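**Student:** Structure, please.
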Amino acid sequence: MTSTTEPPVLIDMAGGIATLTLNRPEKLNALNYATIDALQRQLDAIERDDSARVVILTGAGGKAFSAGADIAGFSLSVAAGVTAAMRDFVGRGQDLTRRIENFAKPVIAAVNGLAFGGGCEIVEACPLAIASGQARFAKPEINLGFPPTFGGTQRLPRHVGRKRALQLILTGEPISAEEAVRIGLINEVVPAHRLLKRARQLAATILGKSPAAVSACLASVTRGINLTIDEGLAVEAGQFAQLAHTSDVREGITAFLERRPARFAGR
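**Tutor:** Here you go, the predicted model:
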């Protein structure tokens, strides 16, 4: 159990991987305003740190990645009126998931337990997600009388399709990690004791690639997915044009022709 003096988000830096841990296990890592703000600050620092190439996001304790928004804190904003609720709750949550989705470095969700409500929406925003077999995913906001507010009504249908998304959103019923991987919400399921090891393996694979190419791939997919195919192709071409003259592209082509591993700058 954490004390009130411990930070709501922990960071560990090792070998180019920044591991962020939501640190309110006694509250199932619920997202209160302090936690959301701290997570944004950590992302600010990682963005400025060239040595940090990949982010792993997980939860403290064995029960939850994040059980969602801290309803006790949210209720105070609702009581203060629509303007306060939109600014303090909806705005904060959407800013966070938008930031994760558009982050220039890959964010891998390592889902160690419950990912409900806002916790599930963070997983949806992450480019990659691995879950332990004990993880569960749910959209229970409807049981509180409102729709998902951290982007879940928009990202979930894009991941899993309209009908599957609406079943989750309208019923609030949880699904297993195995069902989440089947419908495309997450990438894979591993035993709980292998979760962080597997996330680090995936991160290490990405670390072997050109940092600029990784960022370009993220930008191309994230920006293009909501565009027409022609508009998306223009985004893709623009990302290539920014890299075509770089030393990483020259090294990648030379290494291929010489049949050796590429040695990219910044690795």
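**Student:** Please enumerate the strands of the protein.
**Tutor:** Using DSSP state E, the strands assigned to the chain run over residues 9-14, 17-22, 54-59, 64-66, 107-111, 114-116, 128-132, 136-138, 175-176, 188-190.
**Student:** could these go into CSV alongside mean pLDDT?
**Tutor:** CSV is the format used below for the strands of the chain (pLDDT from 0 to 100):
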stretch, mean pLDDT
strand 9-14, 98
strand 17-22, 98
strand 54-59, 98
strand 64-66, 98
strand 107-111, 98
strand 114-116, 98
strand 128-132, 98
strand 136-138, 98
strand 175-176, 98
strand 188-190, 98
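**Student:** Relative to A262, which of the ones you listed is closest?
**Tutor:** In terms of CB to CB, the element of the strands of the chain nearest to A262 is strand 54-59, at 17.7 Å. (Each C-beta comes from the backbone N, C-alpha and C, glycine too.)
**Student:** what helices or strands is the closest one leaning on?
**Tutor:** strand 17-22, strand 64-66, strand 107-111, helix 195-207 (3 or more CB pairs under 8 Å, 6 or more residues apart in numbering; DSSP states H and E).
**Student:** Which of the ones you listed sits closest to F150?
**Tutor:** Across these, closest to F150 is strand 64-66 (CB to CB), at 10.7 Å.
**Student:** For that closest one, which strands pair with it and how are they oriented?
**Tutor:** Paired neighbours of strand 64-66 in the sheet (DSSP bridges): strand 114-116 (parallel).
**Student:** how far is the partner strand from where the chain is centred?
**Tutor:** 13 Å (CA atoms, centre = their mean, to the nearest Å).
**Student:** ditto for stretch 220-232
**Tutor:** On CA atoms, centre = their mean, the centre of stretch 220-232 falls 19 Å from the chain's centre.
**Student:** Ok, stretch 55-70 next?
**Tutor:** 12 Å.
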